[in-house]
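Asks: fold the following, please.
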Amino acid sequence: MIGRYALILACWALAGCQTVVSTNPILPDSAAVADPRLLGTWLNVSDSSRAVVTLAGARDYLIALTERNDSAVFRARLGRQGPRWVLDASPRESGVKDDWLIPGHVLAVLEFDDQQLRLLYPRGDSLKRHLDDGRLRLPYLTLANGDIVLTASTQQLTSSLSGYLEWPGVLDTTVWRRAPGAVAAAQLGPVDVPCFEVSAWREADQLFHRDPHWVGADVASSVDLGGGRTLWLFGDTWIDRSGRGTRQGARMVSNSVAIQTGTDPSTAAIVFYWGRTADGSPAPFFPDRGAESLWLGNGVRVGDRLVLFFARTLRTRTGIGFEHVGWTAVMVENPDAEPSTWRVRPLETPTNPLGILVGYAAVLQLGEHVYALGSQNPVKSHPIYAARWPAEEVRRGSLRRPEWWAGERLGWVADSSGAPRWPLFENGGSELTIHVDQATQRFVGVQTQGFGRADVLMRAAPTLTGPWSAPQLVYRPPEYYRPNVMIYAGKAHAQLTGGDLVLTYATNTSQFTEYRTDSLIYYPRFVRLTRCR
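Replies: From the prediction side, this is the model:
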């Protein structure tokens, strides 16, 4: 039997446990959100339980729980209690014989991505002890079988439980995995792009004009290092050894980095870093490897380590002047140190017969996996493919055995699989970003589209693997109308503040002589977005 009180979502986790019920909702209506990653079929890794999660309205879920021959359906809402995701579930109907369903609400803490869900629920014995000794002050009743019924108001529950959930030893855990072949996106259609009002942010532009030696660079990717520190990753960079702040006589190197301290780029401090040759001349921060330049793509911090992805690039005298020949990655073992003292270790990467620039388009950690996206080179439609690794393997620097997205039917397949890889979407860009919009819980992609004159576009999806919406115009840079212009590398930087979302894009020119004489180009530009009210 699922349990004498089948409303207990803890029984979604562990049958027979001492349970905790609230007579009032645990989440206020205003806190409820919908996260499509929860949708689909989940299997308990330790028993035969199965849960099917569907949407019931804009912000409500239905959870159909089956264990052996018993079943129950819960209506649930998802929201925040302090830093935690919590699920407030109450019974709707049951197929349990001798049904003892009672009106009430059950609290479960969730940690999840699109393939795994960890369910953490209050331990009844710990809660009872803390209620009895006064450390937790909430009115409650104890039932004859030991189960606890909280009788506090929703406001009292919200105030008290958000802190209690962080206490050590008060939560038990079970793990659920998505059923093979089941994909959350199959339960949803496309979602709309979030609405923003957009404007140029000239005050923030000055961030990249603080060092008279660092006089402009290609692209601008960022990595949240934590503690208000942002790592900026640049491609080709102009370095003026004289410090006069001019590109006349400056030297171009193939990459550089910077550390921003403070999350608002209009007021933050920044320090730039590049390499030096034996005679003190400017050199790339990450040295070239023979004829190959390392163009910085994106990176991710996993615990105490930092992993950075690069495109291996050859200079050419034809076409657009360069050719990507593969990807590589390095690990920084001490990312909290000043970059000039970093311990950098090259990582072994698998062969790349598809020509995908892994990690050059975007890198993000979701739950227990790190996902690295890249376009297929040199396919002009820029299909975007996704590889992933367990986060702990990335932290150890093991990138040799990625999994690849192979479409909804197959899901994620091993690198050794002969199954065809499946793009997340077409018409992407070699440089873009994907992040989770916290207000709408949608995945949002930002890129530019166009060669030369280009616009900044945004698309959205309910899950990383789609379905992705068509891209929508969010900003036309003022440089669009400039002769010989090149606009590219539109990116979001979700960790920055000063707007509801902060973007950058890069500017360039098809006339090489303009590089050295025009200081208005070849600096990343900031764009500030304000959410529509």
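
Asks: does residue 125 sit in a helix, a strand or a coil?
Replies: Three-state call for residue 125 (DSSP: H, G, I helix; E, B strand; the rest coil): helix.

Asks: quick check: pLDDT value at it.
Replies: Reported pLDDT at residue 125 in the predicted model: 86.

Asks: just the pLDDT at residue 92, thanks.
Replies: 68.

Asks: can you give me the helices for the stretch 401-533 of the chain?
Replies: Along the stretch 401-533 of the chain, the stretches classed as helices by DSSP state H, counting those that start in this stretch are 513-517.

Asks: what ranges do the strands span in it?
Replies: For the stretch 401-533 of the chain, the strands defined by DSSP state E, counting those that start in this stretch occupy 403-405, 412-414, 433-437, 442-449, 455-461, 472-475, 485-492, 501-509, 525-531.

Asks: which other helices and strands contact the longest one?
Replies: In terms of contacts (3 or more CB pairs under 8 Å, 6 or more residues apart in numbering; DSSP states H and E), strand 501-509 is packed against strand 485-492, strand 525-531. For glycine as for every other residue, the C-beta is placed from the backbone atoms N, C-alpha and C.

Asks: out of these, which is closest to residue 220?
Replies: Among the helices and strands packed on strand 501-509, strand 485-492 comes nearest to residue 220, with 6.7 Å by CB to CB.

Asks: before we move on, what SS does residue 155 have?
Replies: Reduced to three states with three-state DSSP, the structure at residue 155 is helix.

Asks: what sits closest to it if chain neighbours are left out?
Replies: Spatial nearest neighbour of residue 155, chain neighbours left out: residue 28 (7.7 Å); criterion: CB to CB, 6 or more residues apart in numbering.

Asks: likewise residue 205?
Replies: residue 526 is the one closest to residue 205 (CB to CB, 6+ apart), at 5.5 Å.

Asks: my read: that neighbour touches residue 502, true?
Replies: Yes. Counting by CB atoms under 8 Å, residue 526 touches residue 502, with 6.5 Å between them.

Asks: if we can go back for a sec, tell me what the residue nearest to residue 205 is bridged to.
Replies: residue 504 (DSSP bridges).

Asks: okay, stretch 467-483 in CSV with CA atoms only?
Replies: Taking C-alpha atoms only, stretch 467-483 is exported to CSV below (Å, rounded to 0.1, in the frame of the first residue of the first chain):
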residue,chain,number,x,y,z
PRO,A,467,11.2,22.3,-28.7
TRP,A,468,12.9,25.7,-29.5
SER,A,469,10.9,28.6,-30.7
ALA,A,470,11.8,30.6,-33.8
PRO,A,471,14.3,33.4,-33.0
GLN,A,472,12.8,36.8,-32.4
LEU,A,473,14.4,40.2,-32.9
VAL,A,474,15.2,41.8,-29.5
TYR,A,475,17.7,44.5,-30.5
ARG,A,476,19.1,46.2,-33.6
PRO,A,477,22.5,47.7,-32.7
PRO,A,478,23.0,51.3,-33.8
GLU,A,479,26.2,50.1,-35.7
TYR,A,480,23.8,48.2,-38.1
TYR,A,481,23.7,51.2,-40.4
ARG,A,482,27.4,51.8,-40.4
PRO,A,483,29.3,51.0,-43.7
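
Asks: any idea how far that stretch is from the middle of the chain?
Replies: 22 Å (CA atoms, centre = their mean, to the nearest Å).

Asks: ditto for stretch 21-35
Replies: With CA atoms, centre = their mean, you get 25 Å for stretch 21-35.

Asks: then stretch 313-330?
Replies: With CA atoms, centre = their mean, you get 27 Å for stretch 313-330.

Asks: still on that earlier bit, now the residue nearest to residue 155: how far from residue 108?
Replies: According to CB to CB, to the nearest Å, residue 28 stands 17 Å off from residue 108.

Asks: tell me who's in contact with the residue nearest to residue 155.
Replies: By CB atoms under 8 Å, 6 or more residues apart in numbering, residue 28 lies in contact with 79, 154-155, 158.

Asks: give me the number of residues near the residue nearest to residue 431 when sequence neighbours are not counted?
Replies: With CB to CB, 6+ apart as the criterion, residue 431 has its nearest non-adjacent residue at 4.2 Å, and that residue is residue 489. A count of nearby residues for residue 489, using other CB atoms under 10 Å, gives 24.

Asks: how about residue 489, what does it touch?
Replies: Counting by CB under 8 Å, 6+ apart, residue 489 makes contact with 218-220, 429, 431, 448, 504-506, 524.

Asks: in the stretch 251-400 of the chain, which spans are helices?
Replies: Using DSSP H, counting those that start in this stretch, helices in the stretch 251-400 of the chain cover 391-396.

Asks: mind listing the strands for it?
Replies: 251-253, 256-261, 269-273, 275-276, 282-283, 292-302, 305-315, 322-332, 344-347, 362-366, 369-375, 384-390.

Asks: looking at those, which is nearest to residue 40?
Replies: Nearest to residue 40 among the strands of the stretch 251-400 of the chain is strand 362-366; the distance by CB to CB comes to 15.3 Å.

Asks: which elements pack onto that closest one?
Replies: strand 292-302, strand 369-375, strand 433-437.

Asks: could you single out the most deeply buried of the ones you listed?
Replies: Burial of the helices and strands packed on strand 362-366 is given as mean neighbour count (mean count of other CB atoms under 10 Å); strand 369-375 ranks first at a mean of 26.
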